[in-house]
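J.: I would like to see how this sequence folds:
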Amino acid sequence: MGTQKPILAFEDVKLLVDNFYDRVQNDDLLSPIFERVVKGNWQPHLDKMYRFWQTILLNEHTYSGSPFAAHTPLPIEKQHFNRWLELFHQTIDENFTGEKAEEAKWRADSMGQIFHHKLKFLKGNRLVDKQ
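T.: A predicted model of the protein is given here:
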């Protein structure tokens, strides 16, 4: 395990996003879902995620948009959200400590739950709650 540090600046957000999406790109469950969208060109997605988490965690308003809308056409189920959160928490726990690290995990958990329930509703409850 590396040295943990607080999330205080954009460089920390970039480290979080880069490390997390390295894990996603190498994950058998999540990588195919993301590849459907990014088609091998990850940088635009990473740039958007830098801005998203910079806005959320640092209160520096660099992101605007509706993150939920991008998820509606994707074939994602409860197992995908669970894996995403598992990788996110691993990334935070291995690299960061402090109030913003805990906030990042809490916000990710909340978004995952909300997105899953909204998608389940929009898709007519066709999502299967696989653990």
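J.: and Ser66, what pLDDT?
T.: pLDDT, Ser66: 82.
J.: how about the one 10 residues further on?
T.: Note on Ile76: pLDDT of 85.
J.: residue contacts, Arg107?
T.: Neighbouring residues of Arg107 by CB atoms under 8 Å, 6 or more residues apart in numbering: Ile56, Leu57. Bear in mind the C-beta positions are built from the backbone N, C-alpha and C, glycine included.
J.: checking my notes, it in a strand, right?
T.: No: counting by DSSP: H, G, I helix; E, B strand; the rest coil, Arg107 is located in no strand; its state is helix.
J.: out of the helices and strands in the chain, which is least certain?
T.: In the chain, the helix or strand scored least confidently by mean pLDDT, DSSP states H and E is helix 67-71, which has a mean of 78.
J.: residues in contact with stretch 87-94: which ones?
T.: Under CB under 8 Å, 6+ apart, the answer for stretch 87-94 is 1-2, 4, 16, 19-20, 23-24, 27, 30, 101, 104-105, 108.
J.: okay, now the closest residue to Leu74 other than its chain neighbours: neighbour count?
T.: Of all residues not flanking Leu74 in the chain, Ile33 sits nearest, at 6.0 Å (CB to CB, 6 or more residues apart in numbering). Neighbours of Ile33 under the rule other CB atoms under 10 Å: 18.
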